[in-house]
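J.: Build me a model from this:
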Amino acid sequence: MRHQRIDRISEEVKKEVSRIIREEVKDPRIGQLASILRADVSGDLRLAKIYVSVLGDDNERASTMAGLTRAAGFIRKELGRALKIRYVPELSFILDTSIEYSVDISKKIREVTSQQEKANEDD
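T.: Sure, this is the predicted structure:
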């Protein structure tokens, strides 16, 4: 029962943090291609790890993460207004590069299959 509640709260935190970043945070360092992939809220609702994916180069990733870290207090305050829970968790933003990794692996697989098809055509 308790685990289901934490999962629901994590999902709501994810939705609200995404909305707050998109609509209310005015920091120019935060890129338009930043998206919230997952939110993990601790069992006591004191901490939340927010996993962020940023499409772009390393400079865009670094500036977006710096902007999010700087705006964490504002985001937490707005999250407290949006959610009616006793404790609003401390937010820590973590860069998630799994999407870029998946795209890179897909490109490599396509390259290998196209090379194999060319080799089969030559035979």
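
J.: How are the strands of the chain distributed by residue range?
T.: 34-41, 47-54, 90-95 (DSSP state E).

J.: now these in CSV, with distance to R19 and mean pLDDT?
T.: Every residue, glycine included, has its C-beta placed from N, CA and C. Written out in CSV, the entries for the strands of the chain read as follows (distance: least, Cβ to Cβ, whole Å; pLDDT from 0 to 100):
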stretch, distance to R19, mean pLDDT
strand 34-41, 9, 92
strand 47-54, 13, 94
strand 90-95, 14, 94
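
J.: Throw those into TSV and include mean neighbour count, thanks.
T.: As requested, the strands of the chain are exported to TSV (neighbours: other Cβ atoms under 10 Å):
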stretch	mean neighbour count
strand 34-41	19
strand 47-54	20
strand 90-95	16
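
J.: can you redo these as CSV with distance to G67?
T.: What follows is the strands of the chain, written out as CSV (distance: least, Cβ to Cβ, whole Å):
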stretch, distance to G67
strand 34-41, 9
strand 47-54, 10
strand 90-95, 10
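
J.: which stretches of this structure form helices?
T.: Under the criterion DSSP state H, the chain contains helices at 2-23, 58-70, 72-82, 98-122.

J.: So which bits of the first one are buried?
T.: Residues of helix 2-23 classed as buried: 9-10, 12-14, 16-18, 20-21 (neighbour count, 16 or more other Cβ atoms under 10 Å).

J.: can you give me the offset of stretch 103-110 from its chain's centre?
T.: 22 Å (Cα atoms, centre = their mean, to the nearest Å).

J.: who's in contact with that stretch?
T.: Applying Cβ atoms under 8 Å, 6 or more residues apart in numbering, stretch 103-110 has no contact partners.

J.: Now the residue nearest to the spatial centre of the chain: closest residue in space, sequence neighbours ignored.
T.: Most central in the chain under Cα atoms, centre = their mean is V52, positioned 2.1 Å from the mean C-alpha point. The spatially closest residue to V52, leaving aside those adjacent along the chain, is F93, at 5.5 Å (Cβ to Cβ, 6 or more residues apart in numbering).
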